[in-house]
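Peer 1: Please work out how this folds:
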Amino acid sequence: MQKIRYQKFNVKKYKNIFLLITTIMIGFIAYKNSVSSLDKESVIPSTTENKPIIDITSSVTDSSLSKDITYPSNVLNLSSWKITLPFGSDERPVEIKQPELSMYKINPWFMVTTQGNGVVFRAAVNGVTTSGSDYPRSELREMTNNGKTSAEWSSNEGTHTMFLDQAITAVPKIKQQIVVGQIHDNDSDVIVIRLDYPYLHIRVDGKNVHTLDSEYQLGKRFTVSFVVKDDQTKVYYNNSIEPVYQLSQKYSDSYFKAGAYTQSNCDKEQSILQCSTNNYGEVVIYKLEVIHQ
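Peer 2: Below you'll find the model as predicted:
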């Protein structure tokens with residue numbers, strides 16, 4: 001009778017095959033899990049990593065800002081203003097009126113702050129000036145008729161109020177002086193808020209008539225109100241209940257102005273090196289309101 005011969009199972013022979021199959025299965029499971037994870041991420045994106053960043057100007061960016069504050073007119077109500085800027089041709093600086101002003105900005109002379117809560121006004125000492133001044137400005141001038149006509153009002157008719165919430169952030173290096181708010185008539189300024197660093201004061205007829213802050217620090221925020229009625233011009237400082245100064249004077253063909261009216265130029269700065277766009281006066285206005293009653 002023929003004997004049946006059993007062949008011994010050779011473990012070593014199949015060991016490598018077993019390891020190969022196990023590796024393939026593990027890799028397949030890992031791949032499946034990774035695909036599942038990617039699918040979940042694509043459905044529920046990260047709210048922080050994918051947050052859009054809005055470019056306000058070429059050098060001012062803030063991820064917390066919305067497109068609604070791209071222009072200065074979105075921060076301040078500029079419907080009754082025009083702006084004179086520190087560039088253009090000799091004695092003919094650029095002026096922007098409504099409706100162009102509603103969608104106008106220019107870095108760094110007139111733009112929204114990084115935080116989006118104010119408007120920067122800057123005028124360098126080498127800027128273009130108007131024919132009636134030796135100094136440059138980035139300054140608003142009050143208008144009427146939706147910003148198309150120059151405002152003209154009288155100190156003895158009605159009540160005229162301008163409120164400013166602002167901070168002076170820079171002055172020229174040598175002649176450290178800047179005007180940041182004023183009432184003007186058809187001839188010249190009637191009363192101004194001016195910094196002759198570090199003296200923040202009220203100025204009339206070229207003289208300091210009342211010091212608001214004898215140690216003003218650049219960047220310090222403050223408020224000023226002009227209230228004109230019955231030929232009396234009252235000035236309120238930092239929301240004071242009583243006026244800190246009162247001017248008794250009649251004037252007409254008047255209007256408000258606000259912004260950076262730098263009180264220096266290249267001649268005053270005494271050096272070619274200081275005659276540059278890096279030497280300037282600058283103001284940030286956070287709130288600006290004008291009321292005529």
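
Peer 1: the helices in the chain, which residues?
Peer 2: Counting by DSSP state H, the chain has helices at residues 11-43, 266-269.

Peer 1: hang on, isn't Pro108 packed against Arg122?
Peer 2: Yes - using CB atoms under 8 Å, Pro108 is in contact with Arg122, at 5.3 Å. The C-beta positions use only the backbone N, C-alpha and C, and glycine is treated the same way.

Peer 1: count of neighbours near the nearest residue to Ile193 once chain neighbours are set aside?
Peer 2: Nearest-residue entry for Ile193: Gly181, 4.3 Å, with adjacent residues in sequence omitted and distances by CB to CB, 6 or more residues apart in numbering. Gly181 has 26 neighbours, counted by other CB atoms under 10 Å.

Peer 1: I'd say Gly181 and Leu164 touch.
Peer 2: Yes - contact criterion CB under 8 Å: Gly181 and Leu164 qualify, at 5.1 Å.

Peer 1: anything in contact with each of the two?
Peer 2: Here Gly181 and Leu164 have Ile193, Val224, Ala258 as joint contacts, going by CB atoms under 8 Å, 6 or more residues apart in numbering.

Peer 1: Tell me how many other residues crowd the second one.
Peer 2: It refers to Val224. Using other CB under 10 Å, Val224 is surrounded by 23 other residues.

Peer 1: partners of it in the sheet?
Peer 2: Beta-bridge partners recorded for Val224 (DSSP bridges): Leu164, Tyr237.

Peer 1: Quick check, it in contact with Tyr236.
Peer 2: Yes - using CB under 8 Å, Val224 is in contact with Tyr236, at 7.1 Å.

Peer 1: List the buried residues in stretch 171-189.
Peer 2: Buried positions in stretch 171-189, judged by neighbour count with 16 or more other CB atoms under 10 Å: 171-173, 175-185, 189.

Peer 1: if we take these, which one ends up nearest to Asn117?
Peer 2: Val180 (17.6 Å; CB to CB).

Peer 1: contacting residues around that closest one?
Peer 2: By CB under 8 Å, 6+ apart, Val180 lies in contact with Leu164, Gln166, Ile168, Ile193, Arg194, Leu195, Ala258, Gly259, Ala260, Tyr261, Val283.

Peer 1: This completes my enquiry, with thanks.
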